[in-house]
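Enquirer: pasting the structure only:
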């Protein structure tokens, strides 16, 4: 078998079900789907499906995109304000303020990993916006940010299970976020 990357594998883990799907990267066509609504261990579910996928596509599954739904998620909201001194809002200023917010969040959640950073609201000179108007001059702007975090212990357990099949995690997404 060889290692190709013309398909992507997605694994959905939730208390109610487990699903694994393989999609063609070129046209995002579903090539394989197995849904399991029974309560089954992750290891048992992977045992049944990974080898079937690898045999069917004559290809190793090396990376997997993980979609999770569980109680291990933790949400933290933060607002961060910047004095802009009447200057233009630029992408670099936004990136800087987001990195600052992310660093502050990490200080508070040492046993968790940030999975999503979602900007919920933009405030420019005390006016709310659903998007940030770049290239606008203002005195102040702020961002209301929601961080979706996941227990590092839970992630280690999932990673350990996937390593049994020589699979690493490509990305992690919360199911509620996907919906």
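Expert: Here it is on my side, so go on. Keep in mind it's a predicted model, so treat the numbers as computed, not measured.

Enquirer: contacts only, for residue 31.
Expert: Applying CB atoms under 8 Å, 6 or more residues apart in numbering to residue 31 gives the contacts 7, 22, 23, 24, 57. Every C-beta, even on glycine, is put in place using the N, C-alpha and C of the backbone.

Enquirer: kindly report the same for residue 65.
Expert: 8, 9, 10, 11, 169, 170, 171, 172, 173.

Enquirer: can you list the strands that the one helix or strand it maps to pairs with?
Expert: Per DSSP states H and E, residue 65 falls inside strand 63-68. Using DSSP bridges, the strands paired with strand 63-68 are strand 7-13 (parallel), strand 168-174 (parallel).

Enquirer: tell me where this protein has strands.
Expert: 7-13, 18-24, 30-36, 63-68, 73-83, 112-124, 127-129, 140-151, 168-174 (DSSP state E).

Enquirer: okay if I get the ones you listed as a markdown table plus distance to residue 98?
Expert: As requested, these are exported to a markdown table (distance: least, CB to CB, whole Å):
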| stretch | distance to residue 98 |
| --- | --- |
| strand 7-13 | 27 |
| strand 18-24 | 30 |
| strand 30-36 | 34 |
| strand 63-68 | 23 |
| strand 73-83 | 8 |
| strand 112-124 | 7 |
| strand 127-129 | 16 |
| strand 140-151 | 7 |
| strand 168-174 | 19 |
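
Enquirer: mind putting these into CSV with distance to residue 42 and mean pLDDT?
Expert: Listed next are the strands of the chain as CSV, based on distance: least, CB to CB, whole Å; pLDDT from 0 to 100:
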stretch, distance to residue 42, mean pLDDT
strand 7-13, 6, 93
strand 18-24, 7, 92
strand 30-36, 11, 87
strand 63-68, 11, 95
strand 73-83, 17, 93
strand 112-124, 18, 94
strand 127-129, 42, 92
strand 140-151, 15, 95
strand 168-174, 13, 96
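
Enquirer: what sits up against stretch 151-164?
Expert: So stretch 151-164 is in contact with 13, 42-43, 46, 64, 66, 70, 72, 74, 111-113, 168-169, 172, going by CB under 8 Å, 6+ apart.

Enquirer: typed the wrong thing, it's stretch 75-92
Expert: Contacts of stretch 75-92 (CB under 8 Å, 6+ apart): 93, 97, 100-101, 104-105, 108-109, 120, 123-124, 132-149.

Enquirer: which positions within that stretch qualify as buried?
Expert: Neighbour counts over stretch 75-92 (16 or more other CB atoms under 10 Å) mark 82, 84, 89 as buried.

Enquirer: I appreciate the help and will end here.
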